[in-house]
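Q: Just need the structure, nothing else, for what follows:
(one chain, ligands or ions: 1)
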Amino acid sequence: MRRAHPVEVIRAAEAPLLAAAETSGDPDVVMRRAAAGVAHHTAALLRERTGGVYGRAVELLVGAGDNGGDALYAGAVLRARGCRVDAVLLDPDRVHSRGLAALRRAGGRIHRVEDLGSRVPVPDVAIDGVVGLGGRGSLRAPADRIVTGLAEAGVPWVAVDLPSGVDADTGTVHDAHVPATLTVTFGLLRRAHLLASPVCGRVEVVDIGLSDPPIGPETVYAPYPADVGRRWPVPGPADDKYTQGVVAIRAGSERFPGAAVLCTSAAVAASSGMVRYVGSGADPVLAARPEVVCHPSVAEAGKAQAWVVGPGAGTGAEAIADIDAVLARGRPTLLDADALTCVASHPVLLRSATAPVLLTPHGGEFDRLTGGWDRADRPGALRRYVAGLRERGIEATVLLKGRVTLIDDGETTYSVDAGSSWAATAGSGDVLSGITGALMAHVAAVRDSAAPDTQLNLARAAADAVTLHGEAARLAAHRRDPRPGGSHAGPGGGRVANHTGERPGADVDAAHGGGGRPRAEGPGAPIGASDLLAAVPAAVAALRSSR
Ligand SMILES: NC(=O)C1=CN([C@@H]2O[C@H](COP(=O)(O)OP(=O)(O)OC[C@H]3O[C@@H](n4cnc5c(N)ncnc54)[C@H](O)[C@@H]3O)[C@@H](O)[C@H]2O)[C@H](O)CC1
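A: The predicted model follows:
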């Protein structure tokens with residue numbers, strides 16, 4: 001798992017290093033170490049983009065704090081490597097004076113913002129040293145104007161520590177922010193690197209000598225794709241359809257038969273166990289997936305290790321009664337879509353739950369559940385909601401969907417960046433419910449046979465399912481078979497997206513509105529939920545073979 005920490009933990013980890021630097025008589029030794037890393041990775045980006053480093057133009061946007069100091073020292077290193085370096089000082093009276101002197105000595109040019117006039121320099125790369133850990137709120141004028149201008153001109157931004165205009169702890173991306181192609185941070189990931197990963201670009205961590213800090217309730221986790229692949233359930237020599245987990249799905253309605261097909265088909269594709277179905281969509285479900293076992297009612301469904309309720313299932317009296325009946329069966333249950341609407345209007349429903357529940361709202365459904373939430377603090381709003389449920393005695397985990405999906409069980413927050421936004425399509429949530437339900441059934445089956453008294457790690461299972469879903473969307477968007485009626489059996493796609501590496505969406509495309517707006521997802525083409533579904537087996541294979 002990748003781990004990311006809150007600002008106070010980072011500051012505490014840095015404190016002994018900074019104190020030692022102070023007593024050594026070289027107070028900037030740690031800062032120069034950090035800056036050397038910034039310069040190294042900026043040079044690599046320059047080489048990638050322009051084929052070299054010598055003679056390339058670098059612009060530094062420098063704020064009042066130590067983040068600006070890092071940028072100035074990095075500028076001095078790049079100058080020594082032959083770059084032309086221009087530093088724009090946003091607050092000349094408070095600039096880091098030793099960093100500034102170092103850049104001057106190296107031959108960098110220094111500008112006050114007011115001296116820039118209408119000059120619009122177009123460097124090969126721009127370094128964001130406006131604010132780091134001490135940043136609060138949006139980029140202010142005139143930094144916002146400079147950032148927008150360069151982003152519109154297609155200049156890649158390197159963020160020092162984290163992109164300015166992004167809150168280090170909540171990951172809130174303010175309207176005016178730096179859309180980074182690359183973020184170079186120091187020693188430890190900050191929460192924003194996982195919570196706001198689409199605007200961080202590729203994240204590089206430079207070793208500056210920090211020790212591992214303690215983990216705590218504010219630590220944010222993100223699974224490595226290779227770990228998800230290692231954990232993904234596949235049948236072993238002693239397995240049969242029951243040992244791998246049976247998931248039962250109550251989904252679909254006269255109005256939304258497709259939800260039943262997408263959800264059950266995704267569950268079938270995600271694991272080799274068994275899928276049961278209850279609802280009005282038995283005919284289309286069986287037409288798509290004859291291996292699904294259909295039942296006339298919740299009461300008549302056979303044994304299942306986990307249940308999924310809600311996709312397209314309706315919000316009427318019958319649907320509500322079925323939610324109640326499923327929860328009363330005492331198995332781990334995923335509640336999605338219409339089931340969340342029912343829970344929002346009848347919160348008492350969750351009292352029937354005698355086993356862990358996983359709620360999977362998108363932002364609008366979370367609005368309904370909470371009566372309105374603080375969008376400036378996604379992880380905080382989620383943690384507070386889960387805490388409220390747990391205070392009511394409900395063993396709940398909540399998965400808040402988005403390009404960056406957050407999962408919280410009251411103690412641990414997982415953050416999963418899909419790596420692209422291709423999955424933002426109708427029916428994609430139904431597929432996610434099916435995948436997640438199958439995985440829940442598997443972990444419950446394993447738990448029941450190995451250690452029935454232990455707690456289920458539903459949050460980690462959900463994070464794994466979201467990782468797979470994102471990978472399936474990426475593969476679907478990139479592997480469309482151009483033949484009429486073709487499938488997803490096209491070549492390539494074996495390499496799993498490294499979510500701190502390949503990130504086409506982090507690039508800025510002036511043609512798509514500029515102003516730091518992330519470009520639509522680079523190469524690839526829009527997909528529907530059926531395309532995503534068809535790519536699930538390839539995504540499982542890709543995750544299982546990733547290193
Ligand atoms: N000291 C070292 O050896 C190391 C420092 N590192 C870097 O230091 C920053 C943290 O520096 P700090 O001075 O505490 O904070 P900032 O530079 O982030 O900014 C503080 C400064 O900015 C003003 N401010 C806050 N919000 C805004 C805003 N939205 N717009 C404009 N100005 C704003 C605030 O008033 C303060 O004056 C850390 O991130 C590293 O980059 C390294 O850790 C290496 C060791």
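
Q: ok, now which ones touch the residue of the stretch 251-400 of the chain found nearest the ligand?
A: Ranked by CB to the nearest ligand atom, the top residue of the stretch 251-400 of the chain for proximity to the ligand is A376, at 14.1 Å. Every residue, glycine included, has its C-beta placed from N, CA and C. Shown in contact with A376 (CB atoms under 8 Å, 6 or more residues apart in numbering): 167, 170, 172.

Q: and which of these is nearest to the ligand?
A: Using CB to the nearest ligand atom, the shortest approach to the ligand within the contacts of A376 belongs to D167, at 9.8 Å.

Q: what's the closest non-adjacent residue to the closest one?
A: Leaving aside its sequence neighbours, D167 sits nearest to A192 (CB to CB, 6 or more residues apart in numbering; 6.5 Å).

Q: got any ranges where the stretch 201-350 of the chain has weak pLDDT?
A: Along the stretch 201-350 of the chain, no part satisfies pLDDT under 70.

Q: three-state assignment of the closest residue to the ligand within it?
A: In the stretch 201-350 of the chain, no residue comes nearer to the ligand than I208, which is 6.1 Å away by CB to the nearest ligand atom. At I208 the chain is in coil, as set by DSSP: H, G, I helix; E, B strand; the rest coil.

Q: Touching, it and A34? I think so.
A: Yes - contact criterion CB atoms under 8 Å: I208 and A34 qualify, at 5.4 Å.

Q: Which one of these two is surrounded by more residues?
A: Set I208 next to A34 and count neighbours by other CB atoms under 10 Å: A34 wins out with 27 against 20.

Q: Show me what from the stretch 151-300 of the chain comes close to the ligand.
A: Contact residues (CB under 6 Å from any ligand atom) of the stretch 151-300 of the chain with the ligand: 160-161, 186.

Q: Name the member of those residues that has the highest neighbour count.
A: Most surrounded of these: other CB under 10 Å gives V160, at 34 neighbours.

Q: partners of that residue in the sheet?
A: Beta-bridge partners recorded for V160 (DSSP bridges): V184.

Q: Please name the residues that touch it.
A: The neighbours of V160, taking CB under 8 Å, 6+ apart as the test, are 34, 38, 67, 70-71, 74, 127-129, 132, 184.

Q: What average pLDDT does the helix or strand harbouring the residue nearest to D167 get?
A: Applying DSSP states H and E as the criterion places A192 in helix 191-195. In this model, helix 191-195 has a mean pLDDT of 98.

Q: Give me the domain ranges for the chain.
A: With domains defined by automatic domain parsing, the chain comprises 2-217, 238-471.

Q: and of the ones you listed, who's closest to S530?
A: S530 sits nearest to domain 238-471 of all the domains of the chain, at 7.3 Å, using CB to CB.

Q: Quick one: end-to-end length of that closest one, please.
A: Counting by CA to CA, to the nearest Å, you get 29 Å between the two ends of domain 238-471.

Q: Which neighbouring elements make contact with the helix or strand of the chain with the lowest mean pLDDT?
A: Lowest on mean pLDDT, DSSP states H and E among the helices and strands of the chain sits helix 113-116, with a mean of 85. Packing partners of helix 113-116 (3 or more CB pairs under 8 Å, 6 or more residues apart in numbering; DSSP states H and E): strand 84-89.

Q: Give me the neighbour count for V184.
A: For V184, the neighbour count with other CB under 10 Å is 27.

Q: Low-confidence stretches in the stretch 1-150 of the chain?
A: Applying pLDDT under 70 to the stretch 1-150 of the chain flags residues 118-120.

Q: now the strands: where do they sit in it?
A: According to DSSP state E, counting those that start in this stretch, the stretch 1-150 of the chain carries its strands in the segments 2-5, 57-62, 84-89, 109-112, 125-129.

Q: Packing partners of the last one?
A: Helices and strands in packing contact with strand 125-129 are listed as helix 29-50, strand 57-62, helix 66-80, strand 157-160; criterion 3+ CB pairs under 8 Å, 6+ apart.

Q: Tell me where the stretch 351-500 of the chain has strands.
A: Using DSSP E, counting those that start in this stretch, strands in the stretch 351-500 of the chain cover 357-359, 396-400, 404-408, 413-417.

Q: Okay, the residue nearest the centre of the chain and D144: tell me how far apart.
A: Central residue check for the chain by CA atoms, centre = their mean: the C-alpha nearest the mean position is that of D417, 2.1 Å away. Relative to D144, D417 is positioned 25 Å away (CB to CB, to the nearest Å).

Q: circling back to that earlier point, could you single out the most deeply buried of the helices and strands packed on strand 125-129?
A: Ranked by mean neighbour count, the helices and strands packed on strand 125-129 are led by strand 157-160 with a mean of 30 (mean count of other CB atoms under 10 Å).

Q: That strand: how far from the chain's middle?
A: In terms of CA atoms, centre = their mean, to the nearest Å, the centre of strand 157-160 is found 20 Å from the chain centre.

Q: again, but for stretch 44-64
A: For stretch 44-64, the distance to the chain centre is 28 Å (CA atoms, centre = their mean).

Q: And stretch 266-286, by the same measure?
A: With CA atoms, centre = their mean, you get 28 Å for stretch 266-286.

Q: Could you pull out the buried residues of it?
A: 266-282, 285-286 (16 or more other CB atoms under 10 Å).
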